[in-house]
Structures are given as structure tokens and as C-alpha cells.
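Colleague: Need coordinates for the below:
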Amino acid sequence: MIALRSLEKSKGKMNIPMMYLHRYLRLTPVLALAIPMYMKLLPIMSDGPVTDRVNFGDFDVCKRTWYLSLLYVQNYATKEICLGHTWYLAVDMQLYILSPIFLISLYKWGKKAAAAIFVLMLLLSGCLFATMMTNKYAVFLEKGGTSFEGQRKLYYATHVHAAPWLIGLLFGYFLHLSRNKSFKLTRISIWLGWIISLALLFTSLFALYPAAQSSAVALTMLEQAFYYTLTRIAWPLSLCWVVFACMKGYGGLADSFLSSPLWQPLSRLSYSAYIFHVYIQLVNDKRVRSPSYLSDYDMMLSFWGTFSFTVLMAYVMHIILEAPLGALEDILLPQRRPKQRTEVLNKTQADTS
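Modeller: Predicted coordinates:
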């Protein structure tokens, strides 16, 4: 939505190299620091008797594949991903690289481009469904799970995550077109929207719960393929309703909760928290030297302890790395957001007056 508004103001002009450069400088420094920390510092901090039995990832592979992670091609280029959870960075970067094609198409051809993007979304969903059915890739429920090759094709590949991303793109286009329109919805329509949205969200979360809890409940390959394909459409559609309802004044308590300024500090720390949360989890797991008693209360203690230390570590990384590099980028690349900064400054001066 913001990008399309910028295209309108600039009459279709987009500084694509600057977009890519900003994105790369935003993501890469933290990732580049994380790789040696996982390789060298983690073994020192988490040396214990069960170290070799906690097999989240073999970080020695970083010696061979670290550069693929910094190029954001590790989800396709190698079977030995340096930091396993960073597959998402590759997906996100690759979709970001493609985004100007869709944005410029929407700007130039409008609804015709939107229709083509919608068809593409359906084709990608069909590709995911066909991949599961053809290769018999399970949704990690059977004993032993699915093969690593199956995980790469169902989870790491960019094209299987593109459908929900395209739904978000089309929704942003819809918001762009309707930015000056008012929607007067009846109370029944509002309740129906929230009920359907929550039903889709909870179905996506809990539909597999019975099969995951009991081996007596077995899902056929067709059922698993339908679930895995449709949930990637249902989830983003539900989020689209939440955003729409909150923007148009139908959010109620959800709008107050999601718009709270309390989320702003966490939003600044979210990227470092994503990169280093596995680090904290592995430190906790690998240093265990005695049996642990598992209960709901103990699991809550474990969760909140891990969450707190993750946020603390993310704060440190933000202060010593993200914030200084962001300020340096603004100094070296001042043309990136001049108008926005001027508007903010003028508004601040007006409020002060």
C-alpha cells in the first residue's frame, strides 16, 4: 500500500537498486555476527553432558556454506543450511527482490495485473498440493516425520510461501484503491467477519491436534495435502480481515490491543530476537546436567525465561549493532527518506508550537 502510494507521487518511478541496498544493509550485519557466535561462542557457553544429543543443527557446516546465507540463497543452493532457522530470510529476500515487478505491474495495469497475480497465487497453491500428492510428503505426523528433501520442498522453498505473500500484496492494493472510501458495515456483517476470521485462524492452528496426539487418528495423504495448501490461504485471509476491520473502525478491543504503543519497543527488537532466540534455547538445553521435571508450570517458567533472555539479548544487539548501523546508513544515504523526515519534523514543530 505504501509502495503504491509512493509510485503515484513519483509518477511510476522507483529506485530499485536503493531498495535492494537498504534491505541488504538492514538484514545482513546481524546475520553476519550471528554466524560466528553460533559456531564459536555457543559451544563455550553450552558445554554439558547432553550437548551432542541436542541436534537442532550442526553449525560446523557454516564453515562450508556461510556465504550462501549472506547471499540469501541457502534455501535452494545447499542442503547444509548454516543457521537452520534463517531459511525464512532467504524466502523473504527473494520475494522482496521480485516485489518491484508486481508493484510496477499493479501501478501500470491495475486490476488486470491484480487478476493475473490472483491466478498466479492459485497456480502456486496448486503446485504445493501437487508436490505433496505426487511425492507423498507427509505433514510431519508419521513416525520419523518426512524426509529432509520433503522438508526442503514443502517448507524451505520460496514458491510454497509465495501464495500467502501474494494475498497480502493484493490486499495492500485493495487498501490503496479504497483509501478514501468509507465502508458502512452492518452489525451482522461485522460479527460474521470476525467469526469467520477467528474460525479460520483456530482451524489452521488446531485442525491437526487430534492426529498429533493419537496414532489412532490417521490422516490420509489427500487430507494432509488439503490442510497444508488451504491453511496457507486461510491464515492470510483472516489477517486481512483483522487489518481491514481495525483500519475502518470495526476492530474494537482488537484494534486497541494491536495499536498499543507497548508493541513499538518489541517491534524494534523483533529481528534480533528472531536471529538469536535459537541461541538462547540451545544454551538452555545443552547445559542441562540433571533430569528435568516437566509440568505445565515448569514449561511456563522455561518459556518466560527463554523469552526474557531473548529480548535482553536482542536489546543488546540492537544497541551495539542495529541502531548505530541504521543511523550510519541514514547519514550515508540521506536521500532514502528525506520527505518523510521533513514531514515528521514539521509536524513535531507544529505540535510543539
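Colleague: What residues sit buried inside stretch 208-225?
Modeller: 208, 211, 219, 224-225 (16 or more other Cβ atoms under 10 Å). The way it works is simple: take the backbone N, C-alpha and C, and place the C-beta from them, glycine included.
Colleague: which one among those gets closest to Tyr96?
Modeller: Ranked by distance to Tyr96 (Cβ to Cβ), these are led by Ala225 at 28.5 Å.
Colleague: where does the closest one land in three-state SS?
Modeller: Secondary structure assignment for Ala225 (DSSP: H, G, I helix; E, B strand; the rest coil): helix.
Colleague: Can you pick out the most distant pair from the buried residues of stretch 208-225?
Modeller: Checking the buried residues of stretch 208-225 with Cβ to Cβ, the most distant pair is Ala211 and Ala225, at 13.9 Å.
Colleague: how near is Pro324 to Leu208?
Modeller: Plainly put, Pro324 is 44 Å away from Leu208 if you go by Cβ to Cβ, to the nearest Å.
Colleague: Oops, could you answer that again for Ile81 instead?
Modeller: 25 Å.
Colleague: okay, how far is it across stretch 68-87, tip to tip?
Modeller: 11 Å (Cα to Cα, to the nearest Å).
Colleague: re the thing from before, which of the buried residues of stretch 208-225 sits closest to Ser267?
Modeller: Leu208 (30.0 Å).
Colleague: Quick check, the closest one in contact with Val139.
Modeller: Yes. The criterion here is Cβ atoms under 8 Å, and Leu208 meets it with Val139 at 6.9 Å.
Colleague: Please enumerate the shared neighbours of the two.
Modeller: Counting by Cβ atoms under 8 Å, 6 or more residues apart in numbering, the residues touching both Leu208 and Val139 are 219, 227.
Colleague: For the buried residues of stretch 208-225, give me TSV that also has pLDDT.
Modeller: Below are the buried residues of stretch 208-225 laid out as TSV (pLDDT from 0 to 100):
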residue	pLDDT
Leu208	87
Ala211	82
Leu219	83
Gln224	89
Ala225	91
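Colleague: Got phi/psi on the nearest residue to Leu185 once chain neighbours are set aside?
Modeller: Leaving aside its sequence neighbours, Leu185 sits nearest to Tyr250 (Cβ to Cβ, 6 or more residues apart in numbering; 6.3 Å). Main-chain torsions, Tyr250, degrees, to the nearest 10: phi -110, psi 20.
Colleague: So what's the residue count around Tyr250?
Modeller: For Tyr250, the neighbour count with other Cβ atoms under 10 Å is 19.
Colleague: give me every residue that touches it.
Modeller: Tyr250 touches 185, 190, 193, 244, counting by Cβ under 8 Å, 6+ apart.
Colleague: Distance of the residue lying closest to Val160 once chain neighbours are set aside relative to Ile331?
Modeller: Take Val160 and drop its neighbours on the chain: the residue closest to it by Cβ to Cβ, 6+ apart is Leu128, 4.9 Å away. Distance, Leu128 to Ile331, using Cβ to Cβ: 44 Å.
Colleague: neighbour count winner among the two?
Modeller: The neighbour comparison of Leu128 against Ile331 (other Cβ under 10 Å) goes to Leu128, with 22 against 8.
Colleague: Which of the helices or strands spans that one?
Modeller: Taking DSSP states H and E as the definition, Leu128 sits inside helix 111-135.
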